[in-house]
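>>> Quick check, what structure comes out for this input:
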Amino acid sequence: MLDHGVRATAALAARLLRDGHRVGLLLYGQGNQWVMPGYGRVQQARILRALAAAAPAESGFFDSLNFLSPRAFPPRSQLVFVSPLALDDDEMLFRLRGRGYSIWVLSPDAIACEAAMEHPPSSLAIRLARIERALLLRRLQQGGIVIVNWSLDRPLEECLRILTGRAVQAFAAVAHWG
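So this is what the prediction gives:
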């Protein structure tokens with residue numbers, strides 16, 4: 001999962017920087033690393049260096065977003081999470097949304113990866129995990145969070161187009177109704 005997340009984050013950062021946005025990066029896991037928001041090619045190089053050093057967390061402390069401080073981000077920022085999501089991550093995402101952050105989530109489907117393993121968990125466990133994930137993603141969407149459920153057999157570029165397209169639609173709806 002880490003490799004997919006790193007690749008997606010690098011591609012998304014490159015796209016946002018190319019479009020003229022300021023982009024920062026918080027690697028949440030083993031030894032949190034923060035790349036302050038910036039522009040251009042130098043910023044892209046900083047982000048790529050940080051992503052190259054990404055490693056899975058060795059502590060269960062980082063298994064959930066609930067230990068992430070909402071004060072870690074500049075006010076009114078657009079936050080993009082690339083994460084397979086834990087079942088209790090909705091609490092922190094809703095807390096951030098409630099503080100005025102606009103949230104996008106590109107979520108690689110870890111359950112599909114588990115199911116495709118040489119020795120997958122039982123089919124009942126897979127079905128239950130899929131139901132839990134579907135409910136989590138639906139709850140987040142209903143709460144105003146832009147979600148793309150990334151089935152890893154789908155090209156990343158397609159997911160990035162969907163993510164940015166949904167975000168534009170969500171922004172237009174807020175601008176229209178707000």
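>>> what helix or strand does residue 132 sit in?
If you go by DSSP states H and E, residue 132 is part of helix 123-142.
>>> if we look at that helix, which residues are touching it?
When contacts are defined by Cβ atoms under 8 Å, 6 or more residues apart in numbering, helix 123-142 is touched by residues 85, 87, 89-90, 93, 105, 107, 109, 111, 114-115, 120-121, 147, 149. C-beta coordinates here come from the backbone N, C-alpha and C atoms, glycine included.
>>> among the residues you listed, which two are most distant?
Using Cβ to Cβ, the pair of these lying farthest apart is 93 and 120, separated by 28.3 Å.
>>> These two: which has the busier surroundings?
Neighbour tally, residue 93 and residue 120, criterion other Cβ atoms under 10 Å: the higher count belongs to residue 93, 25 against 13.
>>> residues in contact with that one?
65, 81, 103, 105, 140, 143, 145.
>>> just checking, the second one touches residue 104?
To tie it back to what came earlier, the one meant is residue 81. Yes - contact criterion Cβ atoms under 8 Å: residue 81 and residue 104 qualify, at 7.2 Å.
>>> If you count surrounding residues, which of those two has more?
With neighbours defined as other Cβ under 10 Å, residue 81 and residue 104 compare such that residue 81 has more, 22 against 19.
>>> Off-centre distance for the helix or strand harbouring the more buried one?
Assessed by DSSP H and E, residue 81 sits inside strand 78-82. Distance, stretch centre to chain centre, for strand 78-82: 5 Å (Cα atoms, centre = their mean, to the nearest Å).
>>> Can you list the strands that it pairs with?
strand 102-108 (parallel) (DSSP bridges).
>>> Just the CA coordinates for the partner strand, please, in CSV.
Extracted C-alpha coordinates of strand 102-108, given in CSV (Å, rounded to 0.1, in the frame of the first residue of the first chain):
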residue,chain,number,x,y,z
SER,A,102,-11.9,21.4,2.4
ILE,A,103,-11.1,17.7,2.4
TRP,A,104,-10.3,15.4,-0.5
VAL,A,105,-9.5,11.7,0.0
LEU,A,106,-7.9,9.4,-2.5
SER,A,107,-8.2,6.0,-0.8
PRO,A,108,-6.4,3.0,-2.2
